[in-house]
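K.L.:
just coords:
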């Protein structure tokens with residue numbers, strides 16, 4: 001009987017594989033850029049979308065509260081999009097998620113401010129952030145499943161790692177665009193109109209990416225599931241909670257490790273450098289851009305290493321390396337400009353070990369409920385731990401200035417322990433056993 005799934009034997013990446021990977025990574029970059037660009041202009045947005053007489057601390061609290069709403073919406077969006085991804089196909093939901101991100105981003109760039117429409121301005125901003133959160137909740141697990149089910153088995157790690165690099169590249173792109181806007185325009189121009197440019201560009205490019213994803217093909221795994229009528233027979237989430245609690249906890253704990261690495265090292269540390277160690281903002285942001293670049297490269301290297309040496313050895317080396325370099329970086333502060341860049345870039349490289357999370361996570365669930373399982377575990381964990389991490393660090397810093405190092409170090413040790421579990425070393429087969437006969 002013919003099969004829609006590629007030959008089980010080794011094969012090289014084809015032109016179609018490269019096109020799929022390129023379009024998926026590009027979409028991931030643009031979608032994550034759309035999600036994080038808000039934080040780079042939070043101060044300006046707070047001044048424009050809340051009353052001028054409001055105390056500055058309250059304005060910033062509400063501005064970041066709206067940003068956090070995007071995280072809280074991730075589980076809902078992820079569960080809904082993944083549900084239909086397991087029932088109707090990966091490709092449809094993969095394209096829908098980026099559309100749901102592009103449109104709200106474009107709308108934010110066009111929104112009237114508080115001076116024009118009053119309280120409706122922050123409420124519309126909140127609505128757009130919720131839609132963005134729902135979209136990113138479906139995009140990342142969907143992208144990982146889509147690529148994991150497309151690439152040949154012996155290139156599985158490289159494929160998922162490269163896609164993860166594309167997603168983290170969205171943070172770098174957002175940082176570079178923010179630097180460019182603030183360099184080219186004076187503060188008055190940024191507040192007047194220039195802050196809108198990154199959102200409008202993100203929305204337009206996102207819609208272009210929606211069009212380009214029309215040329216992607218459904219994954220071979222889902223095609224075969226559909227042919228054999230082996231798609232989820234009941235609500236996929238119900239199956240996940242009843243039959244796959246072990247993989248859910250495994251992926252959730254790995255996601256906690258991932259969230260610590262990203263939120264602390266990449267997103268939180270620039271502010272920490274400025275406020276705790278009094279490092280000038282320009283130098284802190286440039287060092288952060290370097291760390292984000294090495295993170296992006298690290299994801300590709302980690303993906304290659306998983307194919308070459310196995311997922312478990314790569315996790316053990318990667319998480320141990322993150323533990324060591326995190327302490328090297330934070331204990332060496334403030335140091336010199338050269339040491340700051342060197343140590344930050346090095347720890348960023350080992351943050352690339354986060355690529356092992358989707359590499360192990362996609363394989364943790366059977367094909368009929370894979371999208372839902374990964375999305376539920378990943379998004380629930382990220383919403384909880386990603387949201388709590390800044391709060392934990394803020395309180396912890398009142399007692400210990402090394403709090404970021406201890407937090408990242410503790411979670412790196414957790415990742416090291418999780419690497420010894422059987423799910424970390426699960427083989428490359430992406431089809432259920434009944435389909436491999």
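P.N.:
Thanks, I have it. No experiment lies behind these values; they were computed from the predicted model shown.
K.L.:
hey, let's count contacts and neighbours off CA atoms from now on
P.N.:
OK.
K.L.:
quick one, phi/psi of residue 112?
P.N.:
Note on residue 112: its backbone torsions stand at phi -70, psi 150 [degrees, to the nearest 10].
K.L.:
Now residue 325. Nearest residue, chain neighbours left out?
P.N.:
residue 347 (5.1 Å; CA to CA, 6 or more residues apart in numbering).
K.L.:
give me the number of residues near the one you found?
P.N.:
Residue 347 is surrounded by 28 other residues when neighbours are defined as other CA atoms under 10 Å.
K.L.:
what's the distance between it and residue 416?
P.N.:
Remark: distance between residue 347 and residue 416 (CA to CA, to the nearest Å) = 16 Å.
K.L.:
The residue nearest to residue 325 contacts residue 326, correct?
P.N.:
Yes - applying CA atoms under 8 Å as the test, residue 347 and residue 326 come out as touching, 5.9 Å apart.
K.L.:
Quick one: the helices in the stretch 101-250 of the chain, in order.
P.N.:
Secondary structure of the stretch 101-250 of the chain (DSSP state H, counting those that start in this stretch): helices located at 114-117, 120-148, 156-184, 187-189, 196-212, 220-227, 236-243, 245-260.
K.L.:
so which of those helices is the most packed in?
P.N.:
Compared across the helices of the stretch 101-250 of the chain, helix 120-148 shows the largest average neighbour count, a mean of 25 (mean count of other CA atoms under 10 Å).
K.L.:
Quick one: distance of that one to the chain centre.
P.N.:
Here the centre of helix 120-148 is set off from its chain's centre by 11 Å, with CA atoms, centre = their mean, to the nearest Å.
K.L.:
Check stretch 371-386 too.
P.N.:
In terms of CA atoms, centre = their mean, the centre of stretch 371-386 is found 11 Å from the chain centre.
K.L.:
For it, list every residue counted as buried.
P.N.:
In terms of neighbour count (16 or more other CA atoms under 10 Å), stretch 371-386 has its buried residues at 371-383, 385-386.
K.L.:
can you pull out the strands in the stretch 251-400 of the chain?
P.N.:
In chain order, the stretch 251-400 of the chain shows no strands, with DSSP state E, counting those that start in this stretch as the criterion.
K.L.:
what sits up against stretch 296-312?
P.N.:
When contacts are taken as CA atoms under 8 Å, 6 or more residues apart in numbering, the neighbours of stretch 296-312 outside the stretch itself are 154-162, 164-166, 168-169, 313-314, 318, 348-356, 359-360, 419-420, 424-425.
K.L.:
I misspoke; the intended subject was stretch 195-211.
P.N.:
23, 26-27, 30-31, 33-34, 37, 41, 44, 95-96, 98-99, 101-110, 177-178, 181.
K.L.:
Now a ChimeraX select for only the buried ones of the residues you listed.
P.N.:
Restricted to the buried members of those, where burial is judged by 16+ other CA under 10 Å, the ChimeraX selection command reads as follows:
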select :23,26,27,30,31,33,34,37,41,44,95,96,98,99,101,102,103,104,105,106,107,108,109,177,178,181
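K.L.:
Of the contacts of stretch 195-211, which belong to strands?
P.N.:
With DSSP state E as the criterion, strands contain none of the contacts of stretch 195-211.
K.L.:
per-residue pLDDT, residue 229?
P.N.:
Per-residue confidence at residue 229 stands at 46 (pLDDT).
K.L.:
thinking again about what came up before, let me have the helices of the stretch 101-250 of the chain in a markdown table, extended by distance to residue 275.
P.N.:
Putting the helices of the stretch 101-250 of the chain into a markdown table (distance: least, CA to CA, whole Å) gives the following:
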| stretch | distance to residue 275 |
| --- | --- |
| helix 114-117 | 30 |
| helix 120-148 | 27 |
| helix 156-184 | 19 |
| helix 187-189 | 22 |
| helix 196-212 | 27 |
| helix 220-227 | 50 |
| helix 236-243 | 43 |
| helix 245-260 | 20 |
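K.L.:
tell me, which of those is the model least confident about?
P.N.:
Across those, the stretch with the lowest average pLDDT is helix 220-227; it has a mean of 47.
K.L.:
nearest to residue 339, of the helices of the stretch 101-250 of the chain?
P.N.:
When the helices of the stretch 101-250 of the chain are ranked by distance to residue 339, counting by CA to CA, first place goes to helix 156-184 at 21.0 Å.
K.L.:
okay, the angle between the closest one and helix 120-148?
P.N.:
Relative orientation of helix 156-184 with respect to helix 120-148: 150 degrees, computed using axes from the mean of the first three to the mean of the last three CA atoms, to 10 degrees.
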